[in-house]
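Engineer: Here is my input; please provide its structure:
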Amino acid sequence: MDEVEAYRALSSRSRLGIVKLLYKKPQSVEEIASHLKLQPISIRHHLQSLQEAGLIETYEERAGSVGRPRIYYRIVAAPPAIGFPKRRYLMLSSCIINAMQPMLGETKAEKVLKKAGLDMGETTARHLETEHEVKEWTAKAYEQSFVRGYLEEAGAEPEVVENNNEKVVYRLHNCIFFELSTKMPEIVCDVIREGFHEGLVKAMGKDVKVSQRSCLARGDAYCEYSCEWKNE
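Structural biologist: I've put the predicted structure just below:
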């Protein structure tokens, strides 16, 4: 399906709400209707538009040995990339990374890419401090400004599953670098991502540890992170 249909499908707040729900887990018409406070007939209309745009798909699941199977909706494994005008940042990024390794050698290339991630993490933290008026990086500030602010705006579809004064555990249901990450997870996930979080923690100025528990690029259902404040 072309991008025009995808744009049309996502032009509705209700359909955007459906997509956000399905990023977290597959759901039935009744479940979606309950979450969005809409009638099932309206939900079916929106689901049809999303299916025609190539954004979602269905599958059946039987609860028992008798009765009709229940139909569930989920995001397709490779949804169409939407961009106007056409941009080739993914191709450019892939070419740059692939060119660096033979030119610099694997070790030096990884150092350069990790430094890029670290700089991006520091810059992101400084930007969030200004935008959200963060005076001190607490678990609450991290959740509100980084998880629910930065990651939500980036389209990562974050979900906070645990939060207290010492720890924030959150899941990302959409990897914003998914196409690149699946091709080279050892670079994007293990080097650049690690550098990004090191830079973020460095700028926060706290004794904090960020660890990744699962990874979309490696076949998991979501990326899960834990950000822990060490006892002083």
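
Engineer: okay, CA-based contacts and neighbour counts for the rest of this
Structural biologist: OK.

Engineer: so what's I71 up against?
Structural biologist: Contacts for I71 (CA atoms under 8 Å, 6 or more residues apart in numbering) come out as 28-29, 58-61.

Engineer: before we move on, what about Y73?
Structural biologist: Contacts of Y73 (CA under 8 Å, 6+ apart): 22, 26-29, 56-59.

Engineer: Now tell me which helix or strand of this protein has the poorest mean pLDDT.
Structural biologist: Sorting the helices and strands of the chain by mean pLDDT, DSSP states H and E puts helix 3-9 at the bottom, at a mean of 67.

Engineer: Pull up the gap between the closest residue in space to L10 that isn't next to it in sequence and I32, please.
Structural biologist: Using CA to CA, 6 or more residues apart in numbering and skipping residues adjacent in sequence, the residue nearest L10 is L16, 5.8 Å away. According to CA to CA, to the nearest Å, L16 stands 12 Å off from I32.

Engineer: the more surrounded of those two?
Structural biologist: Set L16 next to I32 and count neighbours by other CA atoms under 10 Å: I32 wins out with 21 against 15.

Engineer: I'd like the distance from the longest helix along the chain to the chain centre, please.
Structural biologist: Looking across the chain with DSSP state H, the single longest helix is helix 106-131. Put simply, helix 106-131 sits 18 Å off its chain's centre (CA atoms, centre = their mean, to the nearest Å).

Engineer: Buried residues of that helix, list them for me.
Structural biologist: For helix 106-131, burial by neighbour count (16 or more other CA atoms under 10 Å) applies to 109-110, 113-125, 128-129.

Engineer: could you pull out the helices for this structure?
Structural biologist: Using DSSP H, the helices of the chain run over residues 3-9, 13-24, 29-36, 40-52, 89-104, 106-131, 139-141, 152-154, 178-183, 185-187, 193-204.

Engineer: can you name the farthest residue from the center of this structure?
Structural biologist: V66 (37.8 Å; CA atoms, centre = their mean).

Engineer: Return the per-residue confidence for the nearest residue to L21 once chain neighbours are set aside.
Structural biologist: Once flanking residues are discounted, L21 sits nearest to I32: 7.5 Å by CA to CA, 6+ apart. Predicted confidence (pLDDT) for I32: 93.

Engineer: I'd like to know how far E129 sits from R13.
Structural biologist: E129 is 30 Å from R13, by CA to CA.

Engineer: on that earlier part again, in CSV: the contacts of I71, plus distance to E152 and neighbour count.
Structural biologist: As requested, the contacts of I71 are arranged in CSV below (distance: CA to CA, whole Å; neighbours: other CA atoms under 10 Å):
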residue, distance to E152, neighbour count
S28, 24, 19
V29, 25, 19
T58, 26, 15
Y59, 28, 12
E60, 30, 12
E61, 31, 10
